[in-house]
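Colleague: Fold the stuff below for me.
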Amino acid sequence: MIENKSIQSLIGKVVSTKMNSTVSVEVTRVVAHPVYQKRIKKHKKFLSHVSKVVPKEGDVVKIVSTKPISKNKRWRVSEIIQESKKLG
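Modeller: Below is the predicted model:
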């Protein structure tokens with residue numbers, strides 16, 4: 001049996017759902033400053049493909065790496081971890 005060890009997974013918040021079958025997910029990580037060692041939040045946005053799971057803006061989702069789908073899409077949404085608390 002062949003195991004695929006190159007599959008990465010990240011957890012982030014959906015910030016945009018305005019595209020067809022694509023959402024923008026912002027992943028936040030905390031790193032130490034190289035000189036002063038103060039903890040700093042760094043953010044990065046990933047375009048993620050949506051097929052079975054359809055998240056709304058503000059949802060916390062898990063994204064996994066996949067083969068390139070388009071010029072900038074290399075991730076897909078695998079599950080919704082937490083629903084957004086926005087009313088509307």
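Colleague: who are the neighbours in contact with Gln82?
Modeller: 59-60 (CB atoms under 8 Å, 6 or more residues apart in numbering). Every residue, glycine included, has its C-beta placed from N, CA and C.
Colleague: Is it bridged to anything, and to what?
Modeller: For Gln82, the beta-bridge partners are Val60 (DSSP bridges).
Colleague: For this structure, which segments count as strands?
Modeller: 9-19, 22-32, 39-49, 60-65, 75-82 (DSSP state E).
Colleague: could you dump those strands to JSON lines with mean pLDDT?
Modeller: Below are these laid out as JSON lines (pLDDT from 0 to 100):
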{"stretch": "strand 9-19", "mean pLDDT": "96"}
{"stretch": "strand 22-32", "mean pLDDT": "97"}
{"stretch": "strand 39-49", "mean pLDDT": "97"}
{"stretch": "strand 60-65", "mean pLDDT": "96"}
{"stretch": "strand 75-82", "mean pLDDT": "96"}
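Colleague: how far does stretch 67-87 sit from the chain's center?
Modeller: 5 Å (CA atoms, centre = their mean, to the nearest Å).
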